[in-house]
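Visitor: below is the sequence, then the predicted model.
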Amino acid sequence: MSAFSRLVDAVSSVVSSHDVRLETPMGPRKIFVYPSGRLSSFHEKTVIEDVLDELNADDVFYDIGANFGRYACTIGVVKPDVQVVAIEPHPKNFEILQSNFKRNRINADTLECALSKQSGKMRLQEEDHPARHNLTTSGNEGVLVDVKTGDEIIGRVAKRSRLCRWYSQLRGHS
């Protein structure tokens, strides 16, 4: 570990009230959640800060297209009274997602499937970046994944749901 990394770890342990450690396809990442509720810099940080502000104890947070769990893990660490449901269709991303929940000691519901208006199977076309996969009904390229409807997914979760992060991979499949 470099001197800079040790310094960052030391400073974060003093000023951070929560530390989210993530394995990603691009390598390990860390998100600091400061006592003020603000996050260290990362893509879409203001979105997750707004969600954290809105979530109440006993809410359910659905992370649809959870990828490796940046949102789901952050919410699971910061708001342990919120039920986290993470839905990720890509097998490799799903494996990383489950590992990140374990690494951060988060008890979350995970479903290895995609969300669409009809149940069944669809192809998940793989792009050059793990967050840019797209569902398709045409062609034979990509990974064959299970697809569930929103009603099927919500039926598996007993608590009420209030907020949902809708991921862009669902374009045209809602």
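Guide: Nice, thanks for sending it over.
Visitor: what's stretch 137-157 in contact with?
Guide: By CB atoms under 8 Å, 6 or more residues apart in numbering, the residues outside stretch 137-157 that reach it are 60, 62, 83, 85, 87, 89-91, 109, 111-126, 133, 135-136, 161. C-beta here means a position set from N, CA and C on the backbone, and glycine is covered the same way.
Visitor: could you redo the last one with a cut-off of 6 Å?
Guide: 60, 85, 89, 113-114, 116, 119-126 (CB atoms under 6 Å, 6 or more residues apart in numbering).
Visitor: which of those residues fall within strands?
Guide: 60, 85, 114, 120-125 (DSSP state E).
Visitor: which residues in the chain form strands?
Guide: 18-24, 27-33, 60-64, 83-87, 109-111, 114-115, 120-125, 134-136, 143-148, 163-166.
Visitor: looking at those strands, which is nearest to Arg103?
Guide: strand 18-24 (5.7 Å; CB to CB).
Visitor: and the closest one, what's buried?
Guide: 18, 20, 22-24 (16 or more other CB atoms under 10 Å).
Visitor: pick the one among the residues you listed closest to Cys73.
Guide: Distances from Cys73 to those, taken by CB to CB, are shortest for Val20, at 5.2 Å.
Visitor: the closest one pairs with what?
Guide: Ile31 (DSSP bridges).
Visitor: tell me the contacts of it?
Guide: Val20 neighbours (CB under 6 Å, 6+ apart): 31, 73-74, 77.
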